[in-house]
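K.L.:
I need the structure of the sequence given here:
(chains A and B)
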Amino acid sequence: MLNLKFIQDNPELVIEKLAVKRFDARAIVEKVIELYQRRNEVQNEAETQKAEMNRISREIGQLMKAGNMEEVNLAKEQTVRLKEQIKTFEGEFDLIDEELAQLQVLLPNLPASLVPPGKGAEDNQIVATGGTMPILPEGAKPHWELASQYDLIDFELGVKITGAGFPVYKGFGARIQRALINFFLDQAREHGYLEVQPPYLVNEASGFGTGQLPDKEGQMYHDSTDNLYLIPTAEVPVTNIFRDVIVEGKDLPIKTTAYSACFRREAGSYGKDVRGLNRLHQFDKVEIVQVAHPDKSYDSLNDMVAYVQTLVEKLGLPYRILRLCGGDMSFTSALTYDFEVWSAAQERWLEVSSVSNFESFQATRLKLRFREEGRAKPMIAHTLNGSALALPRIVAAILENYQTPEGIVVPKVLVPYLGGCEIIR
RNA sequence: GGAGAGAUGGCAGAGUGGUCGAUUGCGGCGGUCUUGAAAACCGUUGUACCGAGAGGUACCGGGGGUUCGAAUCCCUCUCUCUCCGCCA
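P.N.:
So this is what the prediction gives:
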């Protein structure tokens, strides 16, 4: 979320920047400034009174010691009115503070200056492409048919056990999941990321910290008995490692990676978008997260994009990198690059990674700060994350792009992870 | 799930109603001494908000209450530990 003081000092900048995200912030910004000023006034009043109250209380202590009960009672009378006034001011303060907090979370993050204007997906900028489009054999099939032909994934069985969007992977289908997870984790580790295994359920504070709550509540599965949320991405538990933490400036950037299953309700999705592996309620993903110095966070972003690029290249998948336009960006992001791979039989691009710099937006919620050497006050850090990578669409692209009349050819980098198997027949 | 104990600053650990943001030790930082280091000694060492500043306010797991005054008393929630039960 945006810092209140920043909003107060830069109202026009906030409004202008958020217009790029097609968000009309004027009314909220004006209200925030008004409330913020009022809150400070009330705070000043309340604190002046409290100071007086503290003074009298100390005095009473002295008088009691001296045994001067008459003056004690006199002093006590003084506090009655003060107490009431303090209560009134504090009540108003709490009210305003709550209202401010509610407004504050309505404002999206400001887009970085690189973010192109635009409404939706069609306005995203293609900043890089790579790989070569495969020439598929006669009678090439989409991945859901291949999955069933080679008995790799059973969608119907998943429907029986749970429901749509919860496939059962079998045999090489299951092994290729495991292979990809290990491949991605090994790669991340080699690039300096610390591997962690986070919880798959998180509490409300964590959901708030990364920005899923309060507004994206409907996208997460929720256990109401214990008030816990199933994670939609490892970003949530991993980033929340750093909630309420002050790190050393010299340790930045802090690079963390985690594999997790991800759970998304995906309310409102339908049609070809949810066919086969295109969109699932449960899927596997390896996530990379960085905590960075504010001056260096765009270096981190570039570093992460370059890293993800090596992954899709090693898998031999044709890909393109998009810089998302204002209208297509997430609420929390300042700059996002999406990776898409070509799904040759479906003849469409599939998003397999989204790499974002959140600047101080998450860190402000998280109270994630760092201490720079030689500087007294801790400062808010920057956070970034990216998929590296999400499995299902990678699997879809591999199945489709690597199909031959003899079977599915295994990408070279995965062969050692599949016990030397070079083709799935 | 049942019974009991507990939660204090980076860590350990005092403090059971009055000047306590908090004794002390360790650790960290700065200094003296030393060719350098260690040891010893001296000093310093939380965060947030308000304020131009002086300074003020809040925070002793979270929330609420009693009181002129709460780390300290009461209620409640969460978590940790010990024992019992159950168990991958």
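
K.L.:
for the rest of this, base every contact and every neighbour count on C-alpha atoms.
P.N.:
Noted.

K.L.:
quick check, pLDDT for the residue lying closest to A:R365 once chain neighbours are set aside.
P.N.:
Residue nearest to A:R365 in three dimensions, not counting chain neighbours: A:G209, with 5.2 Å by CA to CA, 6 or more residues apart in numbering. Per-residue confidence (pLDDT) for A:G209: 90.

K.L.:
hmm, A:G209 is touching A:L368, no?
P.N.:
No: A:G209 is beyond contact range of A:L368, at 9.8 Å (criterion: CA atoms under 8 Å).

K.L.:
okay but A:Y417 is in contact with A:I181, surely?
P.N.:
No: the criterion here is CA under 8 Å, and A:Y417 misses it with A:I181 at 9.7 Å.

K.L.:
who's more crowded, the two?
P.N.:
The residue with more neighbours, out of A:Y417 and A:I181, is A:I181; 23 against 17, by other CA atoms under 10 Å.

K.L.:
does the more buried one touch A:Y259 like I think?
P.N.:
Yes: with contact defined as CA under 8 Å, A:I181 reaches A:Y259; the gap is 6.9 Å.

K.L.:
any shared contact partners between those two?
P.N.:
Residues touching both A:I181 and A:Y259 (CA atoms under 8 Å, 6 or more residues apart in numbering): A:D284, A:K285, A:V286.

K.L.:
phi, psi of the first one?
P.N.:
Which is A:D284. phi -100, psi 150 (degrees, to the nearest 10).

K.L.:
just the element for the residue in the stretch 1-150 of chain A that RNA strand B sits nearest to, please.
P.N.:
When scored by CA to the nearest atom of the strand, the stretch 1-150 of chain A has A:A51 as its residue closest to RNA strand B, at 3.2 Å. For A:A51, the element it lies in under DSSP states H and E is helix A:26-66.

K.L.:
can you tell me the element the residue nearest to A:I33 when sequence neighbours are not counted falls in?
P.N.:
Of all residues beyond its chain neighbours, the one nearest A:I33 is A:Q8 (5.5 Å), with distances taken as CA to CA, 6+ apart. Secondary structure from DSSP H and E places A:Q8 in helix A:4-9.

K.L.:
likewise A:F358?
P.N.:
Going by DSSP H and E, A:F358 is in strand A:348-359.

K.L.:
from the chain's centre, how far out does the next helix or strand after that strand sit?
P.N.:
Heading C-terminal from strand A:348-359, the first helix or strand you meet, by DSSP H and E, is helix A:361-366. In terms of CA atoms, centre = their mean, to the nearest Å, the centre of helix A:361-366 is found 11 Å from the chain centre.

K.L.:
shared neighbours of A:G209 and A:L368, anything?
P.N.:
Shared contacts of A:G209 and A:L368 (CA under 8 Å, 6+ apart): A:R243.

K.L.:
which other helices and strands contact the helix holding A:A51?
P.N.:
When contacts are defined as 3 or more CA pairs under 8 Å, 6 or more residues apart in numbering; DSSP states H and E, helix A:26-66 sits against helix A:4-9, helix A:11-20, helix A:69-104.

K.L.:
report the mean confidence score over it.
P.N.:
Taken as a whole, helix A:26-66 has an average pLDDT of 93.

K.L.:
got it, and stretch A:126-133?
P.N.:
96.

K.L.:
again, but for stretch A:149-163
P.N.:
If you average the pLDDT over stretch A:149-163, you get 95.

K.L.:
surely A:P134 meets A:N401?
P.N.:
Yes: A:P134 lies in contact with A:N401 (CA under 8 Å); the separation is 6.1 Å.

K.L.:
of these two, who's got more company?
P.N.:
Neighbours around A:P134 and A:N401, counted as other CA under 10 Å, are more numerous at A:N401. The numbers are 27 against 17.

K.L.:
grab the nearest non-local neighbour of that one.
P.N.:
Excluding its sequence neighbours, the residue lying closest to A:N401 (CA to CA, 6+ apart) is A:A344, at 5.6 Å.

K.L.:
and the one you found, how far from RNA strand B?
P.N.:
Going from A:A344 to RNA strand B by CA to the nearest atom of the strand, to the nearest Å gives 42 Å.

K.L.:
equivalent analysis for A:E422, please.
P.N.:
According to CA to the nearest atom of the strand, A:E422 stands 34 Å off from RNA strand B.

K.L.:
pretty sure that residue sits against A:V410.
P.N.:
Yes: the pair A:E422 / A:V410 is scored as a contact, 5.1 Å apart, by CA under 8 Å.

K.L.:
neighbour-wise, which of the two wins?
P.N.:
Neighbours were counted for A:E422 and for A:V410 using other CA under 10 Å; A:V410 has more, 20 against 16.

K.L.:
so that one touches A:N401, yeah?
P.N.:
No: contact criterion CA under 8 Å: A:V410 and A:N401 do not qualify, at 10.5 Å.

K.L.:
contacting residues around the helix holding A:Q8?
P.N.:
A:V14, A:V29, A:V32, A:I33, A:Y36, A:Q104.

K.L.:
RNA strand B contacts on chain A?
P.N.:
A:5, A:40-41, A:43-44, A:47-48, A:50-62, A:64, A:76, A:79-80, A:83, A:376-379 (CA under 7 Å from any atom of the strand).

K.L.:
which of these count as buried?
P.N.:
Neighbour-count burial (16 or more other CA atoms under 10 Å) applied to the residues of chain A next to RNA strand B gives A:Q43, A:K50, A:M53, A:I56, A:S57, A:I60, A:T79, A:P378, A:M379.

K.L.:
and A:R320, helix, strand or coil?
P.N.:
Classification of A:R320 using DSSP: H, G, I helix; E, B strand; the rest coil returns strand.

K.L.:
distance from the chain centre to the helix holding A:Q8, please.
P.N.:
With CA atoms, centre = their mean as the basis, helix A:4-9 stands 24 Å off its chain's centre.
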